[in-house]
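>>> coordinates for the following, if possible.
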Amino acid sequence: TYFWFLERGRWSWLQVWDALLELLPSVFTPAVWHVVLDDSLVERVSTQAPGSMVHHNHTAKPNRPRFLRGQGWLCLAAVLERNFKVGAVPLMLRLVRRGANRGKLKSGRFLLRLLGRRLGRVRV
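Numbers count the residues shown, from 1 in each chain. Next comes the predicted model:
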């Protein structure tokens, strides 16, 4: 929901992320924070979209082409547990401008470094 608010509102995503990182340790206090890094491909038709390039479609669905144009996104989410229920809170999305895995790994390390400075021990 807050991604919709960011899109429609006039808030900086860094300020929202900062506020969320202040809130999480006050509500949840695990010894080690578990996070999930996931990459996804958002299909784009325009060649002028930032980071838009041709990617190999790994889904192998019969009604999809083998190669398609899209943007690569990397999502960082915190895994939270309370009363034996587990959920994930998306913290940050980052556009990967290079299509190779190297760009995703660099972006992932960057996001984890930022998160580790704020929360302490982080396990992926």
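
>>> buried residues in the longest strand that the chain contains, which are they?
Taking DSSP state E as the criterion, the chain has its longest strand at strand 67-82. For strand 67-82, burial by neighbour count (16 or more other Cβ atoms under 10 Å) applies to Arg69, Gly70, Gln71, Gly72, Trp73, Leu74, Cys75, Leu76, Ala77, Ala78, Leu80. To be clear about C-beta, it is placed using only N, CA and C from the backbone, and glycine gets the same treatment.

>>> skipping adjacent residues, who's closest to the spatially most central residue of the chain in space?
Ranked by distance to the mean C-alpha position of the chain (Cα atoms, centre = their mean), the top residue is Cys75 at 1.2 Å. Nearest residue to Cys75, sequence neighbours excluded (Cβ to Cβ, 6 or more residues apart in numbering): Asp38, at 4.9 Å.

>>> for this protein, longest helix please?
helix 101-119 (DSSP state H).

>>> can you name the next helix or strand after it?
strand 122-123 (DSSP states H and E).

>>> and the contacts of that following strand?
Strand 122-123 is contacted from outside by Val32, Trp33, His34, Val35, Leu112, Leu115, Gly116, using Cβ atoms under 8 Å, 6 or more residues apart in numbering.

>>> so the fourth one versus Met92, what's the distance?
The one in question is Val35. Look at Val35 and Met92: by Cβ to Cβ, to the nearest Å, they are 10 Å apart.
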